[in-house]
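Chemist: show me how the following folds:
(chains A and B)
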Amino acid sequence: MNVHTLNDVVDHGAIAVCCGSGGVGKTTTAAVVAIEGARRGRRAVVVTIDPAKRLANALGLDELANEPRLIDPSRWDPDNHRVPGGELSAMMLDTKSTFDGLVTRYADSPAQAQRILANNFYKNISSALSGTQEYMAMEKLHELHEDGGFDLIVVDTPPSRHALDFLDAPARLLRLLNNAVFRMLMVPTRTYLKIAGAAVQAFIRTVSRVVGTEVVDDIVAFFRSFEGMEEGFRTRAERVVEILQQNETRFVLVTSPQRDAIEEARYFAEQIGNHNLAVDALVVNRVHPRFGTEMSAGLRARAESLRELTFSNRNQREARDRLAARYQNLGEFNEIAERERAHIETVRVRTRSAGVAFVPYLPHDVHDFTALAEIGRILFAPPDNDARPPSTGD
Amino acid sequence: MELAHFCSTSRVVIVAGKGGVGKTTVAATLAVAAARSGLRVLIVEVEGKSGLSTAFNRPALGYEEQELAPGIRGRTLTPDAALRDWLAGNGLKRISKRLVQSGALDVIATAVPGMKDILVLGKVKSLEQSGTADLIIVDAPAAGHALTFLTSAHGLLDAVAVGPVRKQAADVVEMLSDPQRCQVILVTLPEETPVNEAVDTAFAIEDRVGVRLGPMIVNGCYPDLDLPDGSATAAAAQADAEMIDVFVSDREAHDLAAAAAFRAERTAIQVVQADRLAERLPLPQIRLPFIFTSELGFSEIETLADSFVTGLDPL
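Modeler: Predicted coordinates for the structure are as follows:
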């Protein structure tokens, strides 16, 4: 079996999709992967989605920029160790302007584009509809890929309720755009109205009663203006899915060892197989250290038995309590460590061919290049940091 | 503040926070605390999946209410179910099937963003008014969705001029902006990014929703270990062991010290972050302890409820 690792992602991937549930360090991981690519001489870009403010500032993304911006190498490679040719760019996805760009591209005329862009229903699709952000992230990926310019595109995915939404979003949007009832309204021919007209009109009247006629008018106007553009959108959406299935596309599954994040990761690992894709690397962030080899149950029992010792001397009683507290604490942390490792294992069995990298629980959050470099050293430490979670006391 | 006083502040309590901060645990904790003061509590789960019923050692929640513990009932209230109820209540039961099957509903929901959220909150409002429970705890959607969830009604009032959906939104706005009826409890962790996000969310909720914010819950605070400074060394562990004449190997002393040092370091960071939150956000704080046991069960929720009640005291 071909075992991929993060090193392979950085060296040979053309596209790296970082996925996982919210709050597990996806954006950070994406940035670290892109930086490492740049250090190894690749022209890398990281596409971020809603990064934490301070990380955005570090990447020079203080304002919304829907196009990649080159980052001065002195910031991500202060010691000048990069392989010549390495470049790092970053951008923050602007969902609405990406969608606007698509409309402008596929409209027959500037007038048609204007009508759509001004429509209220369109505005909701392009900004508020769940799934649009996912779709536009993939669309941006496609655009950057087609334009050339970069040989490693690292894309963060939105913190969806389900990590897989970015794969399904294009299809869902197409279904919406192809809605039969409203399509009938947009075709202004008499034949249609004769056949289905009466029923549809009655239906629409009911809907108008519920949400008001203005809303329905907006919907109808949208479907009329959108006429003829579905084909372009469909082709485009199909190509987006195609590039996700290319050989040079890598999936990096990011998780934390907490139960809920792990459940999402496991679900993702299962589903991604159903899409004929595979997880290439698994990154587990914020892993608690394990102290020594003793099991938590024994350590806790030791704490209990210490507390049962009786002393007449106060100093001895205090020493007893301190020692019991230390055992209790060691037992508690080793229990977390044991639990986390058991959780991680449930994902690993589903991503067998993927390399695994662990990032320990760091004492600070990551929002500058120094901290990103620190994580880079952990993730890309030679030889492959692939073996086991961090432990101390070795 | 007395527990009974807190529980009588408002009938609806919406528990909100990012994924992974322990929102569901806090909802369960509030429920257990409130049930202790004799209230009939209903927990409403809006995402259709959470560990809520597991914590009470009960099967998964459904649309029908079920008892989770004495005095505590639970149910789900997903947007789809709320919509079905609402259509039926508005004499539209007949077309509801067609709305769903034709996909027209998705189109309408897109045309009226937040419609599903409003139907959920509208249903919460009708539960509130039916008097079915003394306290209704809503486990709000995770992620950045909490703010969208709460602002949906205001947004809809701007978008829809007439009709029953608008009426529903107006009722929801009325409930949200009445501090006697509803409050939002935000949950966060004592870490840098969660603290920043909690501050932003709190101000946004206050500005854009005008809902009363209850005490801020800081979840997962390491309980104090009661070890004096300088105890996190192997030598200090050995000295204590010698004093009470028990044997501790060098290796074990090393592990004990490393774990104690890690705990001290993490605790210090947590205190700094929780204090920073207090500085930036003028809301009372209740700090709930980190639970070290494997999976949260009823006895752990009871422990958290004790901490919650203790935390209310100084407020």
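Chemist: in chain A, which residue is closest to the centre?
Modeler: residue A:157 (2.8 Å; Cα atoms, centre = their mean).
Chemist: ok, that one - contacts?
Modeler: Taking Cβ atoms under 8 Å, 6 or more residues apart in numbering or on different chains, we find residue A:157 in contact with A:17-20, A:26, A:49, A:134, A:137, A:163, A:166. Just so you know, the C-beta spots here come from the backbone N, C-alpha and C atoms, and that holds for glycine as well.
Chemist: what of residue A:48?
Modeler: Contacts of residue A:48 by Cβ under 8 Å, 6+ apart are A:27, A:30-31, A:55-56, A:59, A:61, A:90-93, A:156.
Chemist: and residue A:144, by the same measure?
Modeler: A:45, A:47, A:68, A:150, A:153.
Chemist: before we move on, the earlier item: nearest to chain B among the contacts of residue A:48?
Modeler: residue A:55 (8.9 Å; Cβ to the nearest Cβ).
Chemist: shouldn't the closest one be in contact with residue A:366?
Modeler: Yes - the pair residue A:55 / residue A:366 is scored as a contact, 6.9 Å apart, by Cβ atoms under 8 Å.
Chemist: the two: who's more crowded?
Modeler: More neighbours surround residue A:366 than the other of residue A:55 and residue A:366, with 25 against 21 (other Cβ atoms under 10 Å in any protein chain shown).
Chemist: from residue A:34, how far out is the more buried one?
Modeler: Distance of residue A:366 to residue A:34, given as Cβ to Cβ, to the nearest Å: 14 Å.
Chemist: just the ones of the contacts of residue A:48 in strands?
Modeler: Among the contacts of residue A:48, the residues falling in strands (DSSP state E) are A:90-92, A:156.
Chemist: low-confidence ranges in the stretch 151-300 of chain A?
Modeler: A:160-164, A:180-199 (pLDDT under 70).
Chemist: 50 instead?
Modeler: For the stretch 151-300 of chain A, residues meeting the criterion pLDDT under 50 lie at A:189-193.
Chemist: for chain B, what is the nearest residue in it?
Modeler: At 3.6 Å from chain B, residue A:292 is the closest residue in the stretch 151-300 of chain A, using Cβ to the nearest Cβ.
Chemist: so that residue is in contact with residue B:252, correct?
Modeler: Yes - at 7.0 Å, residue A:292 counts as touching residue B:252 under the criterion of Cβ under 8 Å.
Chemist: and those two? which has more neighbours close in?
Modeler: Applying other Cβ under 10 Å to residue A:292 and residue B:252 shows that residue B:252 carries more neighbours, namely 23 against 19.
Chemist: over to the more buried one: give its phi and psi.
Modeler: phi -70, psi -40 (degrees, to the nearest 10).
Chemist: what comes up buried for the longest helix along chain A?
Modeler: If you go by DSSP state H, chain A has its longest helix at helix A:314-348. For helix A:314-348, a neighbour-count test (16 or more other Cβ atoms under 10 Å in any protein chain shown) marks A:316, A:319-341, A:343-344, A:347-348 as buried.
Chemist: so which elements touch that helix?
Modeler: helix A:259-274, strand A:281-287, strand A:290-291, helix A:296-308, helix B:234-243, helix B:250-280 (3 or more Cβ pairs under 8 Å, 6 or more residues apart in numbering or on different chains; DSSP states H and E).
Chemist: let's see that with 10 Å instead.
Modeler: Applying 3 or more Cβ pairs under 10 Å, 6 or more residues apart in numbering or on different chains; DSSP states H and E, one finds that helix A:314-348 makes contact with strand A:249-255, helix A:259-274, strand A:281-287, strand A:290-291, helix A:296-308, strand A:355-360, helix B:234-243, helix B:250-280.
Chemist: run the chain-centre distance for the least confident helix or strand in chain B by mean pLDDT.
Modeler: Taking mean pLDDT, DSSP states H and E as the measure, chain B has helix B:93-101 as its least confident helix or strand, at a mean of 75. Counting by Cα atoms, centre = their mean, to the nearest Å, helix B:93-101 is centred 34 Å from the centre of its parent chain.
Chemist: so what secondary structure elements neighbour the helix or strand just after it?
Modeler: Using DSSP states H and E, the helix or strand that follows helix B:93-101 in sequence is helix B:104-111. Packing partners of helix B:104-111 (3+ Cβ pairs under 10 Å, 6+ apart): helix A:120-127, helix A:165-177, helix A:180-186, helix A:198-211, helix A:213-226, helix B:79-89, helix B:93-101, helix B:115-130.
Chemist: element containing residue B:13?
Modeler: With DSSP H and E as criterion, residue B:13 is part of strand B:12-16.
Chemist: downstream of that strand, the next helix or strand is which one?
Modeler: Once the chain leaves strand B:12-16, the next helix or strand it forms, by DSSP H and E, is helix B:23-36.
Chemist: so that next one versus helix A:259-274, what angle?
Modeler: With axes from the mean of the first three to the mean of the last three Cα atoms, to 10 degrees as the basis, helix B:23-36 and helix A:259-274 are set at 140 degrees to each other.
Chemist: angle of helix B:23-36 against strand B:12-16?
Modeler: Per the same axes, to 10 degrees, the angle that helix B:23-36 makes with strand B:12-16 is 150 degrees.
Chemist: off-centre distance for helix B:23-36?
Modeler: For helix B:23-36, the distance to the chain centre is 9 Å (Cα atoms, centre = their mean).
Chemist: so for it, mean pLDDT?
Modeler: When pLDDT is averaged over helix B:23-36, the result is 94.
Chemist: elements contacting the helix or strand following that helix?
Modeler: The helix or strand immediately downstream of helix B:23-36 is strand B:41-45, counting by DSSP H and E. Applying 3+ Cβ pairs under 10 Å, 6+ apart, we find strand B:41-45 packed against strand B:12-16, helix B:23-36, helix B:52-55, strand B:66-69, strand B:72-76, helix B:115-130, strand B:135-139.
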